[in-house]
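1. Quick one: sequence and predicted model below, then my questions.
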Number of protein chains: 2
Amino acid sequence: MPVFAELISIGDEILYGQTLDTNSHWISARLDEIGVKVRRKITIGDTREEILSALAESTERADIILITGGLGPTKDDLTKPLLAEYFGVGFTRHQEVIEHLKTLFSKRGRVLTELNEQQADLPANCTMLMNKLGTAPGMWFEENDTIYVSMPGVPYEMKGLMNDHVLPRLTEKYQEVIYHKIVRTIGIPESVLAQKIEDWENNLPKHLKLAYLPSFGQVKLRLTAIGGVKSELEKEVQQQIDQLLPLIESSVFGYDEDEIEKVIGDMLLAKNQTIAFAESCTGGLISHLITSVPGSSQYFKGSVISYSNEVKIDELGVNPEVLEAKGAVSEEVVMQMAKGVRERLKTDVGVSVSGIAGPDGGTEEKPVGTVWIGYSDKQKTVAKQFNFLKDRNLNIKFSAYSALNMFRIQYQAE
Amino acid sequence: MPVFAELISIGDEILYGQTLDTNSHWISARLDEIGVKVRRKITIGDTREEILSALAESTERADIILITGGLGPTKDDLTKPLLAEYFGVGFTRHQEVIEHLKTLFSKRGRVLTELNEQQADLPANCTMLMNKLGTAPGMWFEENDTIYVSMPGVPYEMKGLMNDHVLPRLTEKYQEVIYHKIVRTIGIPESVLAQKIEDWENNLPKHLKLAYLPSFGQVKLRLTAIGGVKSELEKEVQQQIDQLLPLIESSVFGYDEDEIEKVIGDMLLAKNQTIAFAESCTGGLISHLITSVPGSSQYFKGSVISYSNEVKIDELGVNPEVLEAKGAVSEEVVMQMAKGVRERLKTDVGVSVSGIAGPDGGTEEKPVGTVWIGYSDKQKTVAKQFNFLKDRNLNIKFSAYSALNMFRIQYQAE
């Protein structure tokens, strides 16, 4: 019998299109991982009748109801009093929350007001879930075999409460043992991947489920095992992955939470080497991805964004005659760019991109989406052509991730 | 009497957290602009009972029900047959859709199958809305004073149908004249902005509504006028804006759909001048924003991402003694970076950023979030300090937009 959940997001700002609701997306993915099926998501405004009717309706359909939003200290925020009303209970003041608020406020040099102290008053039938990152505690209710959880709408506070309290409690409550392992691939289209692993996938035992999760040239393969003893599930999943890897090994760059930009950094750190990029059509996106990783200054020295031919010649040492003869989007030029940035910035590796992102600039011979990527280290300088044929922003994103993958393959190949 | 809408998103991939639903966010904002209030958003899976019950429930509460998803040609896609079942009607084949499908398929070098042709069969009581960008037509139903619209879940197809058919029809149906004007500001916190325009805001006539829409150091002020003759509303809104501008003039960079990165490009184009960036903590994000604008190669020559001190010295000509004495995050260094990149890349303007994005690298004197931004042209070189004190990714974003604003102010000031 599957366990069903419903998610209720409360907030006028979501309803009127001012705030994009990413909370329910994140919660859905986490519940899916522990085997809880989300049956419905509902977004409503900060109004009494909508909140009460949504609660009553979800109670009829779901085992678990997770509510986000409407927990601030102002009178717009109705969730807490309405939960008390819905369950027909009064309020209890939680001293532990008062202490937490005092610490939080003194750090910010502020004094608690009565309005703030009221955040420690919770419906008498709830279990308080400490919100380390904010002022509004989470609330856990169990009534008539239904679990209700109320959390703030601020994404990092909600995530803290989910990770610290809600997910462990739900996992314990439903006792089902679930084990996931994600295999992360890059540079292989989902359809090609599916063909390569078709036989393996068809032979998976019934209690192992496979999901394909694609994004910008990457595909995550999530293997989920349900039921039994955890250590045995882990072993079984690992055995399957051992069989999977030989089929797609060159496309696999990591597992679980690994990000390609972090994996690349770790590859460089392991050899104590440095990298620089020469970006034309990607316009800085590759460097932005690389520097989104804390600590990237240990291996990333810098980049040259050579949008104009003049900068390609002056700053990267591209030969003007080759540029004229072959064009900026060519094998020869990206190889000179990769070598040039490596030498100029005195790094171990240089990676370059030049392409036609569009919407203008395409020709019959080189249509929009034509991209060359170059790689250079002390042993070799190579280049590869790609054809994305998409719109400007997608071409830029696909080019950036393909350049990261080009590094991964060439640097490994040494 | 307000007109109420409900949005129903259909798709297992949204429910299980694999796809982030951005459709309902976009639709909400568009409906808000034409004065239609969204009362509830519902996400359900591709299951018969969920779809039928959501339709029945929304019918009780709303005047307009907009449904996205579940319109593909495979048997997973239930929306169309269930709408026919819900209204108790059969199907009519639309020859116009068959012709459209034939054209679409011949362009892709494919032949129509019977499964594809069935996309032209629509419930007998609907008005077909031609989907120029895809294979599944939109459907418009009016039953018992309720409007039902079904659209594909692919975002650009949905947006095409909304813009071409649904929004014009809804506007006509409800006849209310609505006029919007957005004033776009940057570099002024929402709370400061609200204080500056408090008196003006309080004196707005009742039929003019003001909304604050903030994001990363920008605030959009949206003025909405409802009811009457459109030309008069336009005139009235313009009169209000004429009174507003003197209060906040230096923070206003554009109107309606203007983006700051596009506005900056237009400023440079107008003088036929060029720009380059020297990015340290922003790591390429500024250049990425600039090059996201088609045609940016006319004024953007390139950038140097000088993440290491060595690159600051070698590629930008920063004085090593100054760097040693003052530190990389200092007034002197960003001024040398801005001037250096302008001279090296032979542009009219150079803008530079150096800061401590975090999580590491902060000191008592220069905590995480300390950022210096420099500006240099042929007449002057200046710098300004910012303190964002946020997390790494927010510090990077706020720094990038502040650098764009620094250019706007200094380039105007000439």
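-> The structure has been received and is ready for your questions.
2. so A:Y401, which of the three states?
-> Per DSSP: H, G, I helix; E, B strand; the rest coil, the secondary structure class of A:Y401 is helix.
3. do you know how far it is from chain B?
-> 14 Å (CB to the nearest CB, to the nearest Å). Backbone N, C-alpha and C define where each C-beta goes, glycine included.
4. my guess is that residue meets A:S215, correct?
-> No: under the criterion of CB atoms under 8 Å, A:Y401 is not in contact with A:S215, lying 9.2 Å apart.
5. which one of the two has more residues nearby?
-> Shown here are A:Y401 and A:S215; by other CB atoms under 10 Å in any protein chain shown, A:Y401 has more neighbours (21 against 10).
6. Apart from its neighbours in sequence, what residue is nearest the more buried one?
-> A:G217 (4.6 Å; CB to CB, 6 or more residues apart in numbering or on different chains).
7. Thought A:E190 was touching that neighbour, still the case?
-> No: the pair A:G217 and A:E190 does not pass the contact test of CB under 8 Å, sitting 10.1 Å apart.
8. Mutual contacts of these two, please.
-> Here A:G217 and A:E190 share no contacting residue, scored by CB atoms under 8 Å, 6 or more residues apart in numbering or on different chains.
9. which one of these two has more residues nearby?
-> The neighbour count for A:G217 versus A:E190, taken as other CB under 10 Å, is higher for A:G217 (21 against 14).
10. May I have stretch A:68-81 exported as CSV, CA atoms only?
-> The C-alpha coordinates for stretch A:68-81 follow below in CSV (Å, rounded to 0.1, in the frame of the first residue of the first chain):
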residue,chain,number,x,y,z
THR,A,68,4.7,25.6,3.7
GLY,A,69,4.3,29.3,4.2
GLY,A,70,2.1,31.7,6.2
LEU,A,71,4.2,31.4,9.5
GLY,A,72,5.6,35.0,9.9
PRO,A,73,4.8,37.1,12.9
THR,A,74,2.4,39.6,11.2
LYS,A,75,-1.3,39.3,10.9
ASP,A,76,-1.2,38.3,7.2
ASP,A,77,0.2,35.0,8.4
LEU,A,78,-2.7,32.7,9.1
THR,A,79,-1.4,29.2,9.1
LYS,A,80,-0.7,28.7,12.8
PRO,A,81,-4.0,30.1,14.2
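11. Let me see the mean pLDDT of that stretch.
-> Averaged across stretch A:68-81, pLDDT comes to 80.
12. Go through it and flag the buried ones.
-> A:T68, A:G69, A:G70, A:L71, A:G72, A:D77, A:L78, A:T79, A:K80, A:P81 (16 or more other CB atoms under 10 Å in any protein chain shown).
13. and it, does that touch chain B?
-> No: judged by CB under 8 Å from any CB of the partner chain, stretch A:68-81 stays clear of chain B, getting no closer than 13.0 Å.
14. how far is that stretch from where the chain is centred?
-> Distance, stretch centre to chain centre, for stretch A:68-81: 28 Å (CA atoms, centre = their mean, to the nearest Å).
15. Let me see the residues that make contact with it.
-> Stretch A:68-81 is contacted from outside by A:7-11, A:14, A:23-24, A:27, A:46-48, A:51, A:67, A:115-116, A:118-119, A:122-123, A:135-136, A:139, A:150-153, A:158, using CB under 8 Å, 6+ apart.
16. and stretch A:115-127, which residues are buried?
-> Buried, per 16+ other CB under 10 Å, within stretch A:115-127: A:N116, A:Q119, A:A120, A:D121, A:L122, A:P123, A:N125, A:C126.
17. what's the span of that stretch from first residue to last?
-> 21 Å (CA to CA, to the nearest Å).
18. Quick check: mean pLDDT of that stretch?
-> For stretch A:115-127, mean pLDDT is 92.
19. cool, stretch A:232-240 as well?
-> Stretch A:232-240 carries an average pLDDT of 94.
20. And for stretch A:133-152?
-> Here the average pLDDT along stretch A:133-152 is 93.
21. Distance to B:Q95 and secondary structure added to the buried residues of stretch A:68-81, as JSON lines?
-> What follows is the buried residues of stretch A:68-81, written out as JSON lines (distance: CB to CB, whole Å; DSSP: H, G, I helix; E, B strand; the rest coil):
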{"residue": "A:T68", "distance to B:Q95": "48", "secondary structure": "strand"}
{"residue": "A:G69", "distance to B:Q95": "48", "secondary structure": "coil"}
{"residue": "A:G70", "distance to B:Q95": "51", "secondary structure": "coil"}
{"residue": "A:L71", "distance to B:Q95": "55", "secondary structure": "coil"}
{"residue": "A:G72", "distance to B:Q95": "56", "secondary structure": "coil"}
{"residue": "A:D77", "distance to B:Q95": "55", "secondary structure": "coil"}
{"residue": "A:L78", "distance to B:Q95": "53", "secondary structure": "coil"}
{"residue": "A:T79", "distance to B:Q95": "53", "secondary structure": "helix"}
{"residue": "A:K80", "distance to B:Q95": "58", "secondary structure": "helix"}
{"residue": "A:P81", "distance to B:Q95": "58", "secondary structure": "helix"}
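22. I appreciate the help and will end here.
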